[in-house]
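[1] Would you be able to build a 3D model of this:
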Amino acid sequence: MAMVLEASQPEESAVFKSGPFYRIPALFYERQSKTLLAFAEERKAPSDNTTEMLVMRRGELNVSEGKKTVMWSPHEPVNEAKMDGYRPMNPCPVYDKNSQTLFLFFICIEGTLSDWDQIRRGTNKTRLCFITSNDLGKTWTNVINLTDNLSSEIQRWATFAVGPGHGLQTEEGRLIVPVSAYPIPVNLFGLRRVAYALSLYSDDSGKTWEFGTMLGTQSGECEMAEFFENGQSFIYCNARNVRGYRVEALSGDKGKSFETLADGMLVETGSGCQGSVVAFPAQGSEADSGQNQNKWLLFSHPNDKTTRKHLAVYLNKSPRNPTAWSRPWIIHKGCSGYSNLAYVDDGWFVCLMECGRITELEQIACKVFHFSEVDKGIAKPNYCPIS
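    Numbering: from 1, shown residues only. Purely as a prediction, here's the structure:
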């Protein structure tokens with residue numbers, strides 16, 4: 001039974017307000033300049049096959065009276081993120097600190113074909129693309145199409161997608177982009193085609209890329225995070241599912257392969273919804289003196305079992321244990337959809353989320369909150385069932 005915590009909610013501000021429609025938030029934070037970049041799809045209508053372009057806004061963090069707020073620049077199109085005859089979807093930024101290069105990954109789908117058109121026909125019309133920037137999105141390179149370079153895997157898929165959300169760079173430097181794909185099966189008995197999560201990674205600052213191994217469990221849209229336990233690095237994967245609970249998996253080989261964990265405490269919504277996860281250093285009295293390695297996880301996702309509403313965050317202080325997730329703290333009561341989290345140091349988080357009063361497609365909004373608020377929210381006993 002999903003729960004709503006009756007705790008105070010952080011203030012929110014609209015980043016992309018539907019006039020056309022905006023969907024699929026993605027968020028990146030660059031620590032040295034304290035710059036946020038927010039990305040989304042601009043669509044003619046709510047449906048996936050009406051996407052026209054990717055758009056972005058630049059945000060600057062400000063502190064006033066102990067509170068952090070974001071000042072956003074006007075939104076602008078990312079004109080380089082396109083291919084003639086294709087529509088761009090699923091923005092997924094990942095940053096290489098070594099070369100100070102921002103990669104914006106996305107997929108391009110031919111015409112107005114939907115994912116399900118491709119899955120039914122077993123004909124992949126999706127392309128794997130990225131653009132890069134060395135000035136945090138002020139200028140971009142032309143689009144680079146990776147599809148042919150990775151055709152041995154992609155040609156075996158009915159369709160696929162990156163993210164959506166954010167990628168990551170491990171402490172050792174590996175760039176990781178989360179991916180989900182629908183393999184084309186030998187479908188002699190009308191078996192339903194299903195998706196599986198995997199990674200796309202680079203060990204040479206993005207010069208070459210290769211795919212990891214698919215999870216052994218049905219799993220869709222996903223995000224990944226690196227955390228440390230006793231000095232060892234693990235890559236955690238949290239993926240969309242249709243079986244009532246999120247799929248969680250761990251990798252001990254830097255994200256190349258994953259072992260699925262047992263079902264935990266994270267409830268999935270209806271037929272599934274994207275969620276976001278970030279790793280961050282232990283806080284408060286449990287913080288490591290002199291160390292800043294990420295050891296805890298924060299996860300965001302709608303809290304209702306059947307409908308996309310009540311966006312919540314969950315805390316896990318023992319990420320290898322899928323039963324160690326906290327109670328939820330609701331950060332948006334009401335209609336909520338996709339979200340993306342960023343950790344911005346000193347215990348502060350930013351969440352970009354689809355939300356509204358009547359439908360979650362009314363806007364993509366931003367909320368800034370501190371770990372102390374999360375800690376207080378998940379501990380509050382005054383919560384009530386909503387389904």
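[2] can we go C-alpha only for contacts and neighbour counts from here?
    OK.
[3] What sits closest to the residue nearest to the spatial centre of the chain if chain neighbours are left out?
    Nearest to the mean C-alpha position of the chain, counting by Cα atoms, centre = their mean, stands G165 at 2.9 Å. Nearest residue to G165, sequence neighbours excluded (Cα to Cα, 6 or more residues apart in numbering): A26, at 4.4 Å.
[4] what does F39 give?
    With Cα to Cα, 6+ apart as the criterion, F39 has its nearest non-adjacent residue at 4.4 Å, and that residue is M56.
[5] do I109 as well
    T126 (4.5 Å).
[6] what's the pLDDT at the one you found?
    Predicted confidence (pLDDT) at T126: the value is 97.
[7] What of V4?
    V4 is assigned a pLDDT of 39 by the prediction.
[8] Over to the one 4 residues further on?
    In this model, S8 is scored at 56, pLDDT.
[9] Angles on the backbone of G85, please.
    Main-chain torsions, G85, degrees, to the nearest 10: phi 80, psi 0.
[10] which ones are touching T126?
    Applying Cα atoms under 8 Å, 6 or more residues apart in numbering, one finds that T126 lies in contact with I107, C108, I109, E110, T159, F160.
[11] Now intersect those residues with the strands, please.
    Of the contacts of T126, the ones assigned to strands by DSSP state E are I107, C108, I109, E110, T159, F160.
[12] Select, from the residues you listed, the two members most distant in space.
    Largest separation among those by Cα to Cα: E110 and F160, giving 12.9 Å.
[13] Looking at these two, which is more packed in?
    Between E110 and F160, counting by other Cα atoms under 10 Å, F160 is the more crowded of the two (27 against 17).
[14] which SSE is the nearest residue to the more buried one once chain neighbours are set aside in?
    Among residues not flanking F160 along the chain, A181 sits closest, at 4.0 Å (Cα to Cα, 6+ apart). For A181, the element it lies in under DSSP states H and E is strand 175-183.
[15] Pull out the buried positions in that strand.
    Within strand 175-183, the residues scored as buried using 16 or more other Cα atoms under 10 Å are L175, I176, V177, P178, V179, S180, A181, Y182, P183.
[16] Check stretch 274-294 too.
    Q274, G275, S276, V277, V278, A279, F280, P281, A282, Q283, Q293, N294.
[17] would CSV of those residues with pLDDT and distance to L261 be doable?
    Below are these laid out as CSV (pLDDT from 0 to 100; distance: Cα to Cα, whole Å):
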residue, pLDDT, distance to L261
Q274, 97, 19
G275, 98, 17
S276, 98, 18
V277, 98, 16
V278, 98, 18
A279, 98, 18
F280, 97, 21
P281, 96, 23
A282, 95, 23
Q283, 94, 25
Q293, 89, 23
N294, 93, 20
